[in-house]
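A.B. asks: Kindly return the folded structure for what I paste below:
(one chain, ligands or ions: 1)
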Amino acid sequence: MTHQTQPTPNRPLVDAHVHVFCWGENPSDGFLSERTRGAWRTRILLRLIGIGKEKGETLSEKFRSRLLRHVDGSKLDFVVVLAEDAVYREDGSRDDPATHFYVSNDYVLDLARRSEKILPGCSINPIRRDALAELERVHEAGCRLVKIHTAIQGVDPALARFDKFYRRAADLGVVLMFHTGYEHSCTVVSQQFTDPASLARPLDHGGVILAAHCGVCATFDPEDYYPNFVRMMHAHDNLYGDTSIMAVWNRWRSLSRLSREAPAITARVVHGSDYPFPPARLPFVLRTGPFPPERRNALDMDLRIKQSFNFGPGYASQMLELLGPGSAGEDA
Ligand SMILES: [Zn+2]
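C.D. replies: Numbers count the residues shown, from 1 in each chain. Sure, this is the predicted structure:
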């Protein structure tokens, strides 16, 4: 028997955590560093997703065509596509040589103009000198979620110097997504910045804070931040978690663990895939059946797996409400 939680009819389905990569042919759009391009994990990903078969002259075009093809063909109504800001020096200047993964905000804003289903998730490293101005700019352009990659961008969320940034995001109603849990896809500045316990400071400003990956670490990591995520969820009503990356091989048990938490916790868990990282299918075969029709679309397959768990009724839809009126292009 397979499991499927039925979504409430007429509520849109949203994936809150989708990536697009730029190889670096046009570095102002985005780039992966030489080290990231050559890493075995990048090579494996490119092979797994069959990027060579996609339309486009360059690898960046192929990433983009694959994403647009999957988004168009998906049963999802909206996906939040994330930019990835650079590493910055202490003086607030951009440090390209230390940056291993970059996608510009304008690249993601442009994608959102090309597809009605794409919502822009810009990224701002709060260390940058013009962080507040960039926050205002992307908000003006329609962005309602900003991602901070604690590990890759070297941001300790607990620093008092970011208070103004957190305050402005809360005032504008911009959701702040923080990466939590050990990061393995790219070179990091510090894994310790990914502990959900360090989110108390942004949470105190009262806006919606989204802990990407719910603090989950891989089985081989020296620490597990998930218990701290649960503790923080109990203590802060404005904290949410997304399920991105939780269906991959080294974290697949994390979904059943999360689904067993109290309803007060699971009600604030939202759907995210971490596309293009594909979900593992074998650990979930009893839930989805061996040949679910969704297997042809990585976005739909990830949703199919996660909807087989018992998260709250708003699991796949409440992200749109968190993003607020006007976030999906309709009139505010
Ligand atoms: Zn991600």
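
A.B. asks: how close does residue 184 sit to residue 33?
C.D. replies: The gap separating residue 184 from residue 33 is 16 Å, by Cβ to Cβ, to the nearest Å. (C-beta placed from N, C-alpha, C; glycine too.)

A.B. asks: same check, this time on residue 133
C.D. replies: On the measure of Cβ to Cβ, residue 133 and residue 33 end up 26 Å apart.

A.B. asks: These two: which has the busier surroundings?
C.D. replies: Set residue 133 next to residue 33 and count neighbours by other Cβ atoms under 10 Å: residue 33 wins out with 18 against 11.

A.B. asks: Once you drop chain neighbours, what's closest to the more buried one?
C.D. replies: Sequence neighbours aside, residue 100 is the residue nearest to residue 33 in space, at 4.1 Å (criterion: Cβ to Cβ, 6 or more residues apart in numbering).

A.B. asks: OK, contacts around the one you found?
C.D. replies: Contact analysis of residue 100 by Cβ atoms under 8 Å, 6 or more residues apart in numbering lists 32, 33, 35, 36, 152, 186, 187.

A.B. asks: The fourth one should be in a strand, yeah?
C.D. replies: No. Remark: residue 36 does not belong to a strand; assigned using DSSP: H, G, I helix; E, B strand; the rest coil, it is helix.

A.B. asks: What is the neighbour count of residue 281?
C.D. replies: 16.

A.B. asks: what does the one 5 residues further on give?
C.D. replies: Counted with other Cβ under 10 Å, residues neighbouring residue 286 total 11.

A.B. asks: So what pairs up with residue 79 in the strands?
C.D. replies: Beta-bridge partners for residue 79, by DSSP bridges, are residue 15, residue 118.

A.B. asks: Quick one: neighbours of it, just the number.
C.D. replies: When neighbours are defined as other Cβ under 10 Å, residue 79 has 28 of them.

A.B. asks: Let me see the ranges of the strands in the stretch 1-150 of the chain.
C.D. replies: With DSSP state E, counting those that start in this stretch, the ranges of strands along the stretch 1-150 of the chain come out as 14-19, 30-32, 78-82, 101-103, 118-123, 145-148.

A.B. asks: between those, which one is nearest to residue 68?
C.D. replies: Across the strands of the stretch 1-150 of the chain, the minimum distance to residue 68, taken as Cβ to Cβ, is reached by strand 118-123, at 8.3 Å.
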